[in-house]
Structures are given as structure tokens and as C-alpha cells.
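> Quick one, what's the 3D model for this:
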Amino acid sequence: MDFSLSEEQVLLQDSVDKYVREHCDVERHRTLSQSKLGFEQQAWQQFAELGWLSVPFAEAFGGIDGGAVDLMVVGEALGKGLVREPFLTTVVTCGGLLQRGASEAQQRRYIPDIIAGNTQWALAFAETHSGYDLGKVATVAQKAGSEYLLSGRKTAVLNAHCADFLIVTACSQGEGGETAGISLFIVDTQSPGVELESFVAVDGSRGAHIQFNNVRLDASQMLGEESSGLPLLEAVIDTNIVAIGAEALGAMQALLDATEEYTKTRKQFGQAISQFQVLQHRMADMYLKVEETRSLLLNAAIALDAGSGESAAACAALKVKVAEAGKFIAQQAVQLHGGIGMTDELCVGHHYKRLMVLSKLYGDEAHYLQKYADLMASRAA
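Purely as a prediction, here's the structure:
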């Protein structure tokens, strides 16, 4: 199996790495965390000009027709720099749903504006009692002539505080909570009946809880075929897991590098603490966790791009490792930095918080461990 990047992917990697080195540091992260938007609109426009927002989209719509490996390249670099711009939510998640499931008319209407940096998107799927079960949906889209009436509540919708459009999961057939009837709808956040209540996540990310009160939707706002929303969502989330894994890997590498540098300068008993064998062992364990994550990330990205039947299991395994390794590395980094590890002035605590959010997004370690076990059992049967 070839693990080397193509010439185009190397150029993309260099472009993102250079921008992150020159513009993205902990001071920027702290400032944006306190802002109302939570990210920098000017930077988002630069992302568009540099072509990063076009990565997963087809050439017919102005994209570069990139795959999971391309998203991996971008995500890892963004993760190193605590980049706050909503690449994951707008481009990877909602962009992926549009690219994979939307009609040609919908794609031509919405995708060029994402690539140009003109619109923000958010995926509204989580509900109070749904846990990590994507098929447990109480929100209902009731047929009313040629329209649908959308009613229900979605919680913790990342990037919804500034989104122009939402992609919403709802039951369009039968009663709420019936997996077979789940459809996806494109909803303008300015539509009558859409109420947003903003929140701030532990890592400073922003979003909103959303109430839908008989929001009128035209049939053309359904994304994909009716009742086909769940398999489409599951397929796109697998690609999301690669992007999540890449961002997490970038954060883990940044924590390892920061810890190594700190232990070379912090002295006790007349020598740098990096000379203490017990601390060397702990940093070696951190390094191993980083490389384990890197290997599983590459495996999942390549499996997705190859259309392998093992891609779902590879993505589940990656998500388990992101949660397990992210927690371990972050805790070690904090402990080895001592009391200053969680101060706002250092990147360590900020990476820690971001890793905790990424570990829970779409499912925690236990959820994906069970999913992996189920996939392995079905394959053996």
C-alpha cells in the first residue's frame, strides 16, 4: 500500500502549514474565543482564495475533487494551529452531504457559495434524548400538500450561531423516532419559525440550540430521496471521522512538541527534567500514541478513497483511538508542564479542550468501540 502523498497533496499541505505557522497561535485562539463570531471572517475568505474550501467538491462546481486523504492533509495542519474557522462543519460535514446527496440543482445553487466563502452551514442532528444514535429522531417533517411542516428541537448544533443554512434530520414518514422515515432538509436560518439559542462549548466553539415551530419547507428543500437520510448521513460522518482524526492528530503532535521543548528548558536539581528517565518514558508513550493515531488515520483515509468494504470499521477504530490517545496525550502534557499546563497563556490547555470535544463528536470511545465490535461480528458471521 502506498502511503506517500501526491505532488498536489504535498503542495496543499505546504500551503496550509505555512499559513498556520505565520498566522495561527495561541494568542489568536484566545482572542477569537472571546469574540461573538468565534472565528475570523477575513481568514475564512483567505481560505477560499487559497482554494482550501474547494477540496471535497467536484470540479464541475469549482472544486478540486479531493478525497479523504486531501481532507486529512488539511485537517492535520489546522489542528496544529488551533484554527477556529469552521472548516469541519461547513465544508466537510454539510459540504459532504451536498456533494454526496443533493440534486444537481441544489449543488449548483449551494456549493459555489461555500467554495467562495460566502455562506456558513451547520448540521442539526442531535436531540436531548438521542444520545449518539443518529436514527433516534423526534423532530418531525409533516406533509402538508406540496410542503412539509418542520417541528422539533435540536441541541448543540455547532456553527449554527452564524449559519446561513442548516441541514436537519427529521422523520418525514410515520411517527418521530422511526429510523426508516428519516429525511434530510435544507433550512434557511432566517425562515419563520426557526429560533436559535446560542451557546459556547468547552473549547470555545460556538453554536446554538434550535427550535423549529412549524417551519414551512418546500419539497425542493429535501436533500436526497425521502426516508434515505440515515445511510447518507452515516456515510458522510465516516469521512468526517477522518477529518476529526486529522485535526486531533495535529493537536496531539503540537502537545508532544510543546512538552518536549518545555522539558528541555525546565530544570530541577541542576539539570533539565528531560534528562529524567521516568519522564523520558512518559514522552515515549506519548510519541507511540501519536504514531498509533497516525497509522489508523492513514488506514481509514485510504480505505475511504478506495471504496473499501472495510472503511466503516477503519473509521470506527480511528474514532476509538482519537478518544483514547487524545485523552492520554493531553493529560500527560498537562502533568509534565506542571501548574502552568492549564493556564490560558499556553496552548496546552486549549488543545486539551479541543481534543475532548473531538473525542465526543458523533460518538464517544465506548460508542465506536461497540460499533467496531458489531462490524467485526457481522463480518465473521
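
> quick one, what contacts Y352?
255, 330-331, 333-334, 342 (CB atoms under 8 Å, 6 or more residues apart in numbering). (Glycine included, C-beta is placed from N, CA and C.)

> Switch the residues you listed over to TSV; also include distance to D305 and secondary structure.
Listed next are the contacts of Y352 as TSV, based on distance: CB to CB, whole Å; DSSP: H, G, I helix; E, B strand; the rest coil:
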residue	distance to D305	secondary structure
L255	28	helix
A330	29	helix
Q331	33	helix
A333	32	helix
V334	36	helix
M342	38	helix
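
> Could you pick out the buried ones from these?
Neighbour-count burial (16 or more other CB atoms under 10 Å) is assigned, among the contacts of Y352, to 255, 330, 333-334.

> Mind telling me what element Y19 is part of?
helix 7-23 (DSSP states H and E).

> Closest one of the buried ones among the contacts of Y352 to L297?
Distance to L297 across these (CB to CB) is lowest for L255, with 16.1 Å.

> residue contacts, the residue lying closest to that closest one once chain neighbours are set aside?
Among residues not flanking L255 along the chain, A333 sits closest, at 4.2 Å (CB to CB, 6 or more residues apart in numbering). Contacts for A333 (CB under 8 Å, 6+ apart) come out as 255-256, 258-259, 286, 341, 348, 351-352.

> Nearest to F47 among the residues you listed?
Using CB to CB, H351 comes nearest to F47 of the contacts of A333, at 21.0 Å.

> Any idea how many residues pack against the closest one?
Applying other CB atoms under 10 Å, we find 29 residues neighbouring H351.

> Is it within a helix or a strand, and which one?
Using DSSP H and E, H351 falls in helix 347-360.

> now do K327
Judged by DSSP H and E, K327 forms part of helix 311-337.

> Kindly report the same for Q253.
Here Q253 sits within helix 229-265, counting by DSSP H and E.

> Output the contacting helices and strands for that helix.
On a contact count with 3 or more CB pairs under 8 Å, 6 or more residues apart in numbering; DSSP states H and E, helix 229-265 meets helix 68-80, helix 95-101, strand 165-171, strand 182-188, strand 271-272, helix 277-306, helix 311-337, helix 347-360.

> Pull out the buried positions in it.
229-230, 232-233, 235-256, 258-259, 262-263.

> Neighbouring strands - and their directions - for the helix or strand following it?
Where DSSP H and E defines the elements, the next helix or strand beyond helix 229-265 is strand 267-268. Under the criterion DSSP bridges, strand 267-268 sits next to strand 271-272 (antiparallel) in its sheet.

> end to end, how far does stretch 357-368 reach?
15 Å (CA to CA, to the nearest Å).

> from the middle of its chain, how far away would that stretch be?
Averaged C-alpha coordinates place stretch 357-368 at 11 Å from its chain's average position (CA atoms, centre = their mean, to the nearest Å).

> Please apply the same query to stretch 292-312.
Relative to its chain's centre, stretch 292-312 lies at 16 Å (CA atoms, centre = their mean).

> And the average pLDDT for stretch 267-286 is what?
If you average the pLDDT over stretch 267-286, you get 81.

> Can we start the residue count at 47 from this point?
Sure thing, new numbering starts at 47, so read that last one as stretch 313-332.

> Return the set of buried residues in that stretch.
For stretch 313-332, burial by neighbour count (16+ other CB under 10 Å) applies to 319-320, 325, 328-329, 332.

> what's the farthest-apart pair in those residues?
It's I319 and M332 that sit farthest apart of these, by CB to CB, at 14.5 Å.

> Let me know the secondary structure of Q152.
Here Q152 is helix, with the state taken from DSSP: H, G, I helix; E, B strand; the rest coil.

> For V394, give its distance to Q377.
Per CB to CB, to the nearest Å, V394 is found 11 Å from Q377.

> cool, Y408 as well?
23 Å.

> now the helix holding H397 against helix 357-383, angle please.
150 degrees (axes from the mean of the first three to the mean of the last three CA atoms, to 10 degrees).
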